[in-house]
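> Sequence first, predicted model second:
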Amino acid sequence: MAFSTLKSGRERGFLDGQFLIAMPHMADSRFARSVVYICAHSGEGAMGFIINRAQPVKFADVLLHLEMIDQNDAIMLPTETREFPVQCGGPLEPGRGFVLHSDDYLSSGSIPVSDDICLTSTLDIVRAIFKGSGPRRATMLMGYAGWGPGQLEAEIARNDWLNCPALEDLIFEGALDGKYERTLASLGISCATLSAEAGHA
C-alpha cells in the first residue's frame, strides 16, 4: 500500500471532472455497471476512479499498515474514523491509495480536479483524516482506472461509455449499492431504457 505525489501543472482535458457511466453491453467485466470519475484527460491518456465498487480494506487497515495505530488503537477508533469510506478505485495499482476530497483541505500534494474537488495521494491527508482535521467531504480509493492515448476516446466512440458532468453528491455518497442506477436517474435515464444506441448526456 503506497501513497505518492501526482504531477500537476497540466491543462484540463474535456473529460476532466466528468462521469463515465458504463453502458449495459460493456464487455470488460472490471468496468461492468461502473461509474468512473475522470480526474485527468489529455492527449497522453486518461485517469480516473470507479466510485461505486466496494473494497474489503477498511480505513483502520490503512492506518495499521502505515503504522499510525496499533491493534489496540484500532478497537478504540471513533465510529466516524472507523467508517471512513475506502473504495476500489480501479484495476491499476490496487495497493496505491488516493483521496478525493472537497477543496477545504489543501496540501503541497493536492491537485485540483474541478472547481470544488481535489485529489491528494500523500500521507498528509491520511494523518489529517485520522486526527479529525481532514476535508469536509472525502473518500479513499485503492487503485485507479487508466487509459492510453486515444483509448478512452475510442471506447466512447463505440458507445462503451456515456459521459456527463459529475455530481459531487454522487462522488461522496457512501451508499454504493444502487449508485449506478442513481447516477443514471440524475440524467433522467433508467436502466430499462438505456441501450447501446445512447450517446452523450
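Everything's here; your move. Because the structure is predicted, anything quoted here is derived from the model rather than measured.
> going forward, measure contacts between C-alpha atoms and count neighbours the same way
Will do.
> ok, which stretches of this protein are strands?
18-22, 35-42, 45-50, 86-88, 92-102, 110-112, 117-120, 138-147, 161-165 (DSSP state E).
> export those strands to a markdown table and tack on distance to residue 155, mean neighbour count and mean pLDDT?
Below are the strands of the chain laid out as a markdown table (distance: least, C-alpha to C-alpha, whole Å; neighbours: other C-alpha atoms under 10 Å; pLDDT from 0 to 100):
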| stretch | distance to residue 155 | mean neighbour count | mean pLDDT |
| --- | --- | --- | --- |
| strand 18-22 | 10 | 24 | 95 |
| strand 35-42 | 14 | 24 | 95 |
| strand 45-50 | 12 | 23 | 97 |
| strand 86-88 | 22 | 24 | 95 |
| strand 92-102 | 18 | 20 | 95 |
| strand 110-112 | 26 | 22 | 92 |
| strand 117-120 | 25 | 23 | 95 |
| strand 138-147 | 10 | 22 | 97 |
| strand 161-165 | 7 | 20 | 92 |
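> Just put the ones you listed in a markdown table and tack on distance to residue 64.
As requested, the strands of the chain are exported to a markdown table (distance: least, C-alpha to C-alpha, whole Å):
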| stretch | distance to residue 64 |
| --- | --- |
| strand 18-22 | 32 |
| strand 35-42 | 28 |
| strand 45-50 | 24 |
| strand 86-88 | 14 |
| strand 92-102 | 14 |
| strand 110-112 | 23 |
| strand 117-120 | 20 |
| strand 138-147 | 15 |
| strand 161-165 | 36 |
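> longest helix of the protein?
When the chain is parsed with DSSP state H, its longest helix is helix 123-131.
> Alpha carbons of that one, as PDB, please.
Extracted C-alpha coordinates of helix 123-131, given in PDB (Å, rounded to 0.1, in the frame of the first residue of the first chain):
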ATOM      1  CA  LEU A 123       0.300  10.600   3.700                       C
ATOM      2  CA  ASP A 124      -0.500  14.100   5.000                       C
ATOM      3  CA  ILE A 125      -4.200  13.700   4.200                       C
ATOM      4  CA  VAL A 126      -4.400  10.300   5.900                       C
ATOM      5  CA  ARG A 127      -2.900  11.800   9.100                       C
ATOM      6  CA  ALA A 128      -5.400  14.700   8.900                       C
ATOM      7  CA  ILE A 129      -8.400  12.400   8.500                       C
ATOM      8  CA  PHE A 130      -7.200  10.300  11.400                       C
ATOM      9  CA  LYS A 131      -6.800  13.400  13.600                       C
END
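> circling back: can you check which of the strands of the chain gets nearest to residue 67?
Judged by C-alpha to C-alpha, the one of the strands of the chain that comes nearest to residue 67 is strand 92-102, at 15.1 Å.
> Quick one: list the elements packing against that closest one.
Judged by 3 or more C-alpha pairs under 8 Å, 6 or more residues apart in numbering; DSSP states H and E, strand 92-102 is in contact with strand 117-120, strand 138-147.
> Can I get it as PDB, trimmed to CA atoms?
Extracted in PDB, the C-alpha atoms of strand 92-102 (Å, rounded to 0.1, in the frame of the first residue of the first chain):
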ATOM      1  CA  LEU A  92      -4.400  -0.500 -11.800                       C
ATOM      2  CA  GLU A  93      -2.000  -0.400  -8.800                       C
ATOM      3  CA  PRO A  94      -4.600  -1.700  -6.400                       C
ATOM      4  CA  GLY A  95      -2.200  -1.200  -3.500                       C
ATOM      5  CA  ARG A  96      -1.900   2.500  -4.100                       C
ATOM      6  CA  GLY A  97      -4.100   4.900  -2.100                       C
ATOM      7  CA  PHE A  98      -5.700   8.100  -3.300                       C
ATOM      8  CA  VAL A  99      -8.200  10.500  -1.600                       C
ATOM      9  CA  LEU A 100     -10.800  12.500  -3.500                       C
ATOM     10  CA  HIS A 101     -11.900  15.400  -1.300                       C
ATOM     11  CA  SER A 102     -13.600  18.800  -1.100                       C
END
